[in-house]
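K.L.:
Dropping a prediction and its sequence here:
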Amino acid sequence: MPTYEVHYFSYPGRGDLLRMLLEVGGASYTNVFFDWGKTWPAAKETMAFGVMPKLAVVESDGSRKDLFESYAIVGYLAESLDLMPGPSAFERAEALSILSALSELEDKVRPSLWLRTLDERKAGHATYCTETVPKYLKYQERFVRGDWYFGDKLTVADLKLYQLYLWYEDMYSSYNQNPFKVLAADFPKLNKIIATLEKGKAGEYARERRNFGKDRWVAKDWRFGRK
Ligand SMILES: N[C@@H](CCC(=O)N[C@@H](CS)C(=O)NCC(=O)O)C(=O)O
């Protein structure tokens, strides 16, 4: 099995699901961190599309390959680490459809992160949590086909859900507003997946190796702040 390097900034962000896949898949990996102001500007030009994450795949003979774009990396790792559903290309594409829908839900909150005033940010998040999230999660709840999204096999779809839940924890737990918890009665299947993951390797990763002490949510300001 190759070893891996995740090249990214020292916060969960778009590196989170990649790291979680590597952890749950039992792969050996290291984080290569870049600093926005210092090491990143020169490194930018070495990236295929000028952005990170980058996954470096290091074979046992020392040869290396670099892969870019987070969802290409997610798909590659899910295939390589047996975290795709089966048996056919159809179910694998269905897993990608879950990733696509959940990342769309994720994208819907991004504008609120950058609003200028505290009141605007608070209002943006409130609308997101009470209107947008339930609209999307209703369909996710319907999709679940067993203990996991795809019945009896843990897949990348479950890990994407957990990564989203963790992001909501980062932002909303200090106000007791994580929509998965507030709306728990509406989403029992999704919450069961989250609770099961929390007890296993994904939960251990979240507790012990997910946060690097930088770029944390600053509750009083309703925004992420860099340390
Ligand atoms: N479509 C890309 C987006 C990557 C992206 O926006 N990365 C940001 C960090 S989350 C970045 O590298 N920003 C640095 C820059 O734009 O210079 C992906 O999914 O990988």
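P.N.:
Good, I have the coordinates. Numbering: from 1, shown residues only.
K.L.:
next one: phi and psi at the residue lying farthest from the centre of the chain?
P.N.:
In the chain, the residue that sits farthest from the middle, by Cα atoms, centre = their mean, is residue 61; the gap is 30.9 Å. For residue 61, the backbone dihedrals (degrees, to the nearest 10) come out as phi -90, psi 0.
K.L.:
Next one: it from residue 29, what distance?
P.N.:
With distances taken as Cβ to Cβ, to the nearest Å, residue 61 is found 18 Å from residue 29. Bear in mind the C-beta positions are built from the backbone N, C-alpha and C, glycine included.
K.L.:
per-residue pLDDT, the residue farthest from the centre of the chain?
P.N.:
If you check residue 61, the pLDDT there is 97.
K.L.:
Quick check: it vs residue 30, distance?
P.N.:
Distance, residue 61 to residue 30, using Cβ to Cβ: 18 Å.
K.L.:
Could I get the full set of helices for this protein?
P.N.:
Assigned by DSSP state H, the chain shows helices spanning 16-24, 40-44, 70-80, 89-113, 118-127, 133-143, 156-172, 179-182, 188-199, 201-208.
K.L.:
For the ligand, which of the ones you listed is the nearest?
P.N.:
helix 70-80 (3.5 Å; Cβ to the nearest ligand atom).
K.L.:
Does anything pack onto that closest one? Which helices or strands?
P.N.:
Helix 70-80 is packed against helix 16-24, strand 54-58, helix 89-113, helix 156-172, with contacts defined by 3 or more Cβ pairs under 8 Å, 6 or more residues apart in numbering; DSSP states H and E.
K.L.:
so can I have JSON lines of these showing mean neighbour count?
P.N.:
Below are these laid out as JSON lines (neighbours: other Cβ atoms under 10 Å):
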{"stretch": "helix 16-24", "mean neighbour count": "24"}
{"stretch": "strand 54-58", "mean neighbour count": "20"}
{"stretch": "helix 89-113", "mean neighbour count": "15"}
{"stretch": "helix 156-172", "mean neighbour count": "23"}
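K.L.:
how about the ones you listed in CSV, adding distance to residue 196?
P.N.:
Formatted as CSV, those follow (distance: least, Cβ to Cβ, whole Å):
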stretch, distance to residue 196
helix 16-24, 12
strand 54-58, 27
helix 89-113, 17
helix 156-172, 8
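K.L.:
what would those look like in a markdown table with mean pLDDT and distance to the ligand?
P.N.:
Converted to a markdown table, those look like this (pLDDT from 0 to 100; distance: least, Cβ to the nearest ligand atom, whole Å):
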| stretch | mean pLDDT | distance to the ligand |
| --- | --- | --- |
| helix 16-24 | 98 | 10 |
| strand 54-58 | 98 | 9 |
| helix 89-113 | 98 | 9 |
| helix 156-172 | 98 | 12 |
